[in-house]
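A.B. asks: starting from these lines, generate the structure:
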Amino acid sequence: MLGTSIGGMQTWLRGEMFPNDMDCLVAIASTPAAISGRNMIWREMISQAIRSDPAWKNGDYPKDAPPKNWIKAVIPLSAIMTGSAGQFQKQAPTRETAIDLVGKLEADGEACDANDMLYAFESSADYDPAPKLNATVKPMLTINFADDLTNPPEHLHLPTASNYTEVMRLALAATVTYRAPCCLGFGSWVFPAAPPTLALTSGLSNAPTVHIFVLNIDRRNRC
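C.D. replies: Sure, this is the predicted structure:
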C-alpha cells in the first residue's frame with residue numbers, strides 16, 4: 001500500500017487496522033504522530049476562515065453563490081505551507097511579482113469548494129496512529145522531506161510517536177539523507193528525484209520483519 005499526504009496518513013492507519021491485508025507499506029509526506037503545533041494551527045486557521053465567511057451559511061450555501069472571502073486567506077496560506085521558501089523566491093523575486101503571485105493563487109482558488117476544503121481538513125484533525133503502531137507487522141518505508149512545513153521529519157520524534165521504534169521492536173532503523181537539486185517543500189513528492197536505491201536495498205536485505213526507513217530528502221541546500 002502506498003499513499004501520499006492524507007493517503008500517507010491512511011497508510012499508517014491501515015497498517016494498524018488491517019495488518020495482514022498488504023505485503024508492505026509506503027507512507028510519503030506524513031508522520032505517525034497526532035496533528036499538533038504548526039500543522040494544527042494552519043488547519044484551525046482554515047476552518048475559522050471558512051466558517052466565518054458570511055456567505056458560508058453553515059455550509060448551506062447555493063452552488064451558484066458559494067462563499068469566496070475565505071479564499072484570500074486560505075489559498076495563499078496553503079501555498080506557503082505546502083511550498084518552500086526557495087521555490088517562492090524563484091517565482092516571486094520582487095515585491096511586484098510576489099503580489100502578482102498572491103493574485104494568481106487566489107484566482108486558482110476560485111475552483112475550490114468551501115465545504116470540500118473544510119471537510120478535508122477537519123475530518124483528519126484527530127489523526128493519531130501512534131498508540132497502535134505496534135499492530136503494524138509488515139515492512140514499511142516512510143519518506144519525508146526536510147523542507148516540508150506540514151510534515152517535517154522531526155515530527156517522527158514527537159512525544160506521541162517517539163516510542164514507535166521501541167514499540168515496534170525494531171532491530172534496524174536507518175536515516176538516509178539525499179540532497180536533490182530542487183526544493184518544493186511538501187510538494188516535493190510530486191516531482192521527486194531518484195532516491196538512493198542502493199542505500200535502501202542494502203538496508204532492507206538484513207532488515208527484521210518490521211522496519212521503518214526515514215528517507216530524509218534535504219532539498220534546502222541546493223536551491
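
A.B. asks: now do residue 76 against residue 99, distance only.
C.D. replies: Applying C-beta to C-beta, to the nearest Å, the value for residue 76 to residue 99 is 11 Å. C-beta coordinates here come from the backbone N, C-alpha and C atoms, glycine included.

A.B. asks: more neighbours: the two, which one.
C.D. replies: Neighbour count, other C-beta atoms under 10 Å: between residue 76 and residue 99, residue 76 has more, with 17 against 10.

A.B. asks: give me the element that one is part of.
C.D. replies: helix 69-82 (DSSP states H and E).

A.B. asks: again, but for residue 108
C.D. replies: helix 95-109.

A.B. asks: for residue 3, helix, strand, or coil?
C.D. replies: What DSSP: H, G, I helix; E, B strand; the rest coil gives for residue 3 is strand.

A.B. asks: I'd guessed it sits against residue 15; true?
C.D. replies: No - taking contacts as C-beta atoms under 8 Å, residue 3 lies outside contact range of residue 15: 10.3 Å.

A.B. asks: which one of those two is surrounded by more residues?
C.D. replies: residue 15 (25 against 19).

A.B. asks: now residue 65: how far from residue 24?
C.D. replies: In terms of C-beta to C-beta, residue 65 sits 48 Å off from residue 24.
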